[in-house]
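> Return a 3D structure for these sequence lines:
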Amino acid sequence: MDGKRAPIPEMLLDNGLTLHFEDRSRPIPGGRSQVVLCISIPFRVREFVAEDPEITPEQAAQVLGDTVTYSVEKVRNFVPQESVEQNLQQMREEFIRSNLAYLLNPSFPRRFLIKKVREALEARRLEEAHSRALHDSAPEHDD
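Below is the predicted model:
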């Protein structure tokens with residue numbers, strides 16, 4: 001925002017994942033700020049789907065690429081500028097308190113990646129069905 005705040009420390013989890021925190025806050029009129037905390041966990045796809053019977057690491061990497069990111073954005077509006085740092089710290093602590101057990105669950109990375117693969121495959125299927133429907137409904141031209 002103003003470039004003066006210190007970076008928010010990462011948090012290494014016991015399961016080998018790393019929580020990244022990024023301040024994307026910005027000033028708004030009236031001496032206020034929109035406080036935005038972005039939280040992310042990058043995953044190496046092949047590492048976490050290796051043991052799934054439904055999806056091979058190769059299939060997952062083909063659909064998602066080599067890495068995929070779990071991300072959450074927390075926002076607070078109309079925060080006094082002098083309270084931005086305190087709000088960022090509170091938001092970080094609240095996220096950790098509310099989500100740490102979920103993120104540390106041994107099945108979290110695998111389940112998250114499988115969900116992402118299924119979502120990507122479903123989006124691809126819908127896009128293909130939409131394209132077919134458009135093609136099938138288009139009037140034919142005799143050349």
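> where do the helices sit along this structure?
For the chain, the helices defined by DSSP state H cover 45-48, 57-64, 84-104, 108-137.
> Go through the ones you listed and pick out the most buried.
Burial of those is given as mean neighbour count (mean count of other CB atoms under 10 Å); helix 45-48 ranks first at a mean of 19. Heads up, the C-betas are built off the backbone N, CA and C, glycines and all.
> Pull the residues that contact that helix.
Helix 45-48 has contacts (CB atoms under 8 Å, 6 or more residues apart in numbering) with 57-58, 60-61, 64-68, 109-110, 113.
> out of those residues, who's nearest residue 130?
Of all the contacts of helix 45-48, residue 64 has the smallest distance to residue 130: 21.4 Å, by CB to CB.
> Enumerate every residue touching the closest one.
Residues in contact with residue 64 (CB under 8 Å, 6+ apart) are 45, 113, 116-117, 120.
> how about a cut-off of 10 Å?
Counting by CB atoms under 10 Å, 6 or more residues apart in numbering, residue 64 touches 43, 45-46, 49, 113, 116-117, 119-120.
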